[in-house]
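Q: here is my input, please return the structure:
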Amino acid sequence: MTDILPPCPECRSTYTYQVDALLTCPECGHEWSPEAAAESGFEVRDSVGNLLADGDTVTVIKDLKLKGSSSVIKVGTKVRGIRVVGGDHDIDCKIPGVGPIGLKSQFVKKVTD
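A: Numbers count the residues shown, from 1 in each chain. Below is the predicted model:
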């Protein structure tokens, strides 16, 4: 088998397999058709409804406590070069002074240059 199947759109698992006309994820149980996955590009919007894309610059609109530490990401923190991903925390980024982190799009606002 030389075909490479796409990862699960729900949990991003790489262990997908094909059953008849559907692709199935063994980790989360999600089923989808390969044609629908190719057609539907998910979109992520910020807190005011602006469409976000890879490489955008956003600013944090609320103080965010970091889980497992006493650190806080302050309001107005500018984050450059985001990466849009699927899942609950739909933005991957690197915040200066904090490091790599996942953010929810509801807590950011796109910065227009």
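
Q: if I look at Leu51, how far off is Glu10?
A: 21 Å (Cβ to Cβ, to the nearest Å). All C-beta atoms are positioned from the backbone trio N, CA, C, and that covers glycine.

Q: may I ask which helix or strand of the chain has the lowest mean pLDDT?
A: In the chain, the helix or strand scored least confidently by mean pLDDT, DSSP states H and E is helix 34-39, which has a mean of 60.

Q: which is the next helix or strand following that helix?
A: strand 44-45 (DSSP states H and E).

Q: and the gap between Asp19 and Cys25?
A: Careful, residue 19 is Val and not Asp. As defined by Cβ to Cβ, Val19 lies at a distance of 11 Å from Cys25.

Q: shaky segments in the protein?
A: The chain contains residues with pLDDT under 70 at 1-3, 36-41, 113.

Q: Ile73 bridge partners, please.
A: When bridges are called by DSSP bridges, Ile73 pairs up with Leu64.

Q: done for today, thanks.
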